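> next input, structure requested:
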Amino acid sequence: MKQMQRYLMAWMILLAVSLGMGVQAQPTRQAEESLEQQSSPQALLQEMEQVQQELLQIQEMAMAHNPELEEQAQALQQVMLDAMRDEGFEPMQSLDRMEQLERQLQADNVDPAERPALAEELRTEQQRLMQAEQTAMANAEVQEAREQFMEGLLQAMREQEPRTDELIGQLKEKNAQLQEIVSARSN
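Presented below is the predicted three-dimensional model:
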């Protein structure tokens, strides 16, 4: 269950960024310079990962200092799991299978000929999980629980680290930059 909770927490940060949650992305000088210097999506992805890691650390500290958030997170997790199950998807089985596939891909004794099939199965399982999450997010009860949790979480994160909104803004900017780069390269 801890695995699902960690997954859900990371997903919530990304969801907060993608949906805005009342945080305005304000271009910073660093972000403007970063855009000028970006020549590859990989460099931008690395920067995004660093910002995400910092946000996750802030989130973990905020959660540790606010037990009521832990209760809200567990309630949200349960509502989300129930909604996914109601749609015929078993998220814990999917997460277990993804973990198993990742271990197999990292194992030294895996036949190199099997790696592409394992990687494809992992991608398929990840896509199934994401689809189930999107479907669950359409559920009104999930939406309400998510909004309540996100409001409390973001407030606690802001109290823990005043730069939270700035970091979320940076992540949004980098995501937009990445989309621009990918779009420009595909044209």
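> does residue 88 sit in a helix, a strand or a coil?
coil (DSSP: H, G, I helix; E, B strand; the rest coil).
> I'd like the numbering to begin with 26 instead of 1 from here.
Sure, I'll start numbering at 26, so the last one becomes residue 113.
> could you chop this structure up by domain?
Domain segmentation of the chain under automatic domain parsing yields 109-163, 165-212.
> how about the strands in this structure?
Counting by DSSP state E, the chain yields no residue ranges for strands.
> lowest average confidence, helix or strand, in it?
helix 54-62 (a mean of 46; mean pLDDT, DSSP states H and E).
> re earlier: so which of the domains of the chain comes closest to residue 76?
domain 165-212 (4.8 Å; C-beta to C-beta). C-betas here are computed from N, CA, C, even on glycine.
> quick one: the closest one to chain centroid distance?
Domain 165-212 sits 9 Å away from the centroid of its parent chain (C-alpha atoms, centre = their mean, to the nearest Å).
> with stretch 108-124 instead?
For stretch 108-124, the distance to the chain centre is 17 Å (C-alpha atoms, centre = their mean).
> endpoints of that stretch, how far apart?
Taking C-alpha to C-alpha, to the nearest Å, stretch 108-124 runs 22 Å from one end to the other.
> just the buried positions in that stretch, please.
Neighbour counts over stretch 108-124 (16 or more other C-beta atoms under 10 Å) mark 108-109, 114, 116, 119, 122-123 as buried.
> ok, and what's touching that stretch?
Here stretch 108-124 makes contact (C-beta atoms under 8 Å, 6 or more residues apart in numbering) with 28-29, 32, 106, 147, 150-151, 153-154, 157-158, 160-161, 164, 166-167.
> so which of the residues you listed belong to helices?
Using DSSP state H, 28-29, 32, 106, 147, 150-151, 153-154, 157-158, 160-161, 166-167 are the members of those that sit in helices.
> closest one to residue 82 out of these, please.
Among those, and counting by C-beta to C-beta, the member closest to residue 82 is residue 32, at 16.5 Å.
> any idea how far residue 169 is from residue 147?
33 Å (C-beta to C-beta, to the nearest Å).
> which of these two has more residues huddled nearby?
residue 147 (18 against 12; other C-beta atoms under 10 Å).
> my guess is that one meets residue 131, correct?
No - the pair residue 147 / residue 131 is not scored as a contact, 11.2 Å apart, by C-beta atoms under 8 Å.
> avg pLDDT for the helix ranked longest in the chain?
The single longest helix within the chain, with elements called by DSSP H, is helix 66-90. On average, the pLDDT along helix 66-90 is 90.
> same question, stretch 139-150
In this model, stretch 139-150 has an average pLDDT of 94.
> just give the nearest non-adjacent residue to residue 160, would you?
residue 112 (5.2 Å; C-beta to C-beta, 6 or more residues apart in numbering).
> where does this structure have low pLDDT?
For the chain, the stretches flagged by pLDDT under 70 are 26-64.
> could you measure from residue 76 over to residue 211?
In this view, residue 76 and residue 211 are 25 Å apart by C-beta to C-beta.
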